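*Asks:* Got a sequence here, can you model it:
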Amino acid sequence: MKLEEEFVGRKEQYVELLKRVISELESDTLNVRGKKIELPDEDMEYKLAHKSEFGANKLTIGIEWIDESEIDQELEDLDLEI
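*Replies:* Residues are numbered from 1 along each chain as shown. You can find the predicted model right below:
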């Protein structure tokens with residue numbers, strides 16, 4: 001499942017978005033399109049990347065982790081044994 005929110009604005013608006021996300025992460029209230037995002041208390045992979053091609057630039061900030069409980073539930077829904 002992919003949930004995404006898109007915004008258009010200037011640097012100041014992006015900085016405000018980052019501040020809001022940081023605040024929500026700290027208070028465990030981060031939501032994306034109404035779905036609460038719960039970060040685990042275990043190792044996660046953090047990425048910061050910049051791509052520039054033919055004058056088009058992209059800055060990506062990412063966090064990745066595996067939700068073992070979700071995998072277990074999906075397997076259970078499929079009636080598969082782990």
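*Asks:* did I read that right, Ser52 in a strand?
*Replies:* Yes: when DSSP: H, G, I helix; E, B strand; the rest coil is applied, Ser52 is found to be in a strand.
*Asks:* Measure how far stretch 42-50 is from the centre of its chain, please.
*Replies:* The gap between where stretch 42-50 is centred and where its chain is centred comes out at 10 Å by Cα atoms, centre = their mean, to the nearest Å.
*Asks:* Tell me which residues are up against that stretch.
*Replies:* For stretch 42-50, the external contacting residues (Cβ atoms under 8 Å, 6 or more residues apart in numbering) are 57-65. Any C-beta I mention is one placed from the backbone N, CA and C, and that applies to glycine too.
*Asks:* What are the boundaries of the helices in the chain?
*Replies:* 11-26, 68-77 (DSSP state H).
*Asks:* Throw the contacts of stretch 42-50 into CSV and include neighbour count, pLDDT and distance to Lys36, thanks.
*Replies:* As requested, the contacts of stretch 42-50 are exported to CSV (neighbours: other Cβ atoms under 10 Å; pLDDT from 0 to 100; distance: Cβ to Cβ, whole Å):
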residue, neighbour count, pLDDT, distance to Lys36
Asn57, 8, 96, 31
Lys58, 9, 94, 27
Leu59, 10, 93, 26
Thr60, 9, 93, 23
Ile61, 10, 93, 20
Gly62, 10, 93, 19
Ile63, 11, 93, 15
Glu64, 8, 93, 18
Trp65, 12, 91, 15
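*Asks:* Quick check: the farthest pair among these?
*Replies:* In terms of Cβ to Cβ, these reach their longest pairwise distance at Asn57 and Trp65, which sit 27.1 Å apart.
*Asks:* what separates the nearest residue to Lys51 once chain neighbours are set aside from His50, distance-wise?
*Replies:* The spatial neighbour of Lys51 that comes closest, neighbours along the chain excluded (Cβ to Cβ, 6 or more residues apart in numbering), is Lys58 at 4.6 Å. The spacing between Lys58 and His50, counted by Cβ to Cβ, to the nearest Å, is 7 Å.
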